[in-house]
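Student: Mind looking at a prediction? Sequence and model below.
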Amino acid sequence: MATPRSESFSSLSTEDQVHLVKSVVQDIVDNWPGGRKALAGALRVSYNTLSRWCNEFMVDYCIPPHMIVNLYHLHPDPRLIQFLCRHTHHLAVPTPKTVADLPELAMAVGISTKEFGEMLQEIGRALSHSGPGGPSITTGELEQVRKEVHEAMASIAALLKAVEMVSEIHHEG
C-alpha cells in the first residue's frame, strides 16, 4: 500500500478543489449501478440535490461534509477524504491494512522523508543567500513548504501506525 501523494489535489485552489470533488461525485454517479436515482436513494437525498452536487457551474452549492463521508463509505475515493481534511486543517493518514503492506509503506515514507530533507536544504540555501533587505521566500515557495510539511507529517503518522500494527501482532503472537 503506497502512501498516496496529494500533490495534484493539495496544490489546487479552493474553487478547483470544489470542482474536483464535484467531478469525483459525478464519476461515482456515472458508475453507480442504477445511476443517479439509485445513488440518491442510497444517500437518502433527492435526485435534484444529487444533480446540484455534480453541477460544476454551481460552485456555491457545496456538498455537506456528512454527505462526503457517506459518499466515501459507498465509494472510497481518497480525494473525498483529502478534501475534508484540507478544509478542517487535518491530515489524511493512509494506514496499512495488513502486514504485507508494510514494506511498500516503509519505502514510500523513505521517499517522502528524502524529498522533505531536500526541500529543507533548499530553504536553508534560500535563507543564507539573502539579498537587500534580508532573506526572502516567495508565496509559491511558502505554499510548497506547507505542502511538503503536510505530506511528511502524513507519512510519519502512517509509519507510526505501521509500527503500532507490528507491535500489536508481535504481542498477540
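Tutor: Sure, I can see it. Numbering: from 1, shown residues only.
Student: Show me how this structure divides into domains.
Tutor: 7-87, 99-172 (automatic domain parsing).
Student: ok, of the ones you listed, where does mean pLDDT dip lowest?
Tutor: With a mean of 74, domain 99-172 has the lowest mean pLDDT of those.
Student: how far is that domain from where the chain is centred?
Tutor: The gap between where domain 99-172 is centred and where its chain is centred comes out at 15 Å by CA atoms, centre = their mean, to the nearest Å.
Student: and the domains of the chain, which is most packed in?
Tutor: Comparing the domains of the chain by mean neighbour count (mean count of other CB atoms under 10 Å), domain 7-87 comes out on top with a mean of 15. Placement of C-beta: from N, CA and C, glycine included.
Student: need the strands for the protein, in chain order.
Tutor: Along the chain, no stretch is classed among the strands by DSSP state E.
Student: So which residue is dead centre in it?
Tutor: Nearest residue to the geometric centre of the chain (CA atoms, centre = their mean): Gln82, 3.0 Å.
Student: Please report how far that residue lies from Cys54.
Tutor: Using CB to CB, to the nearest Å, one gets 19 Å for the distance from Gln82 to Cys54.
Student: Go through the chain and flag its longest helix.
Tutor: Residue-count comparison of every helix in the chain, with assignments taken from DSSP state H, identifies helix 139-172 as the longest.
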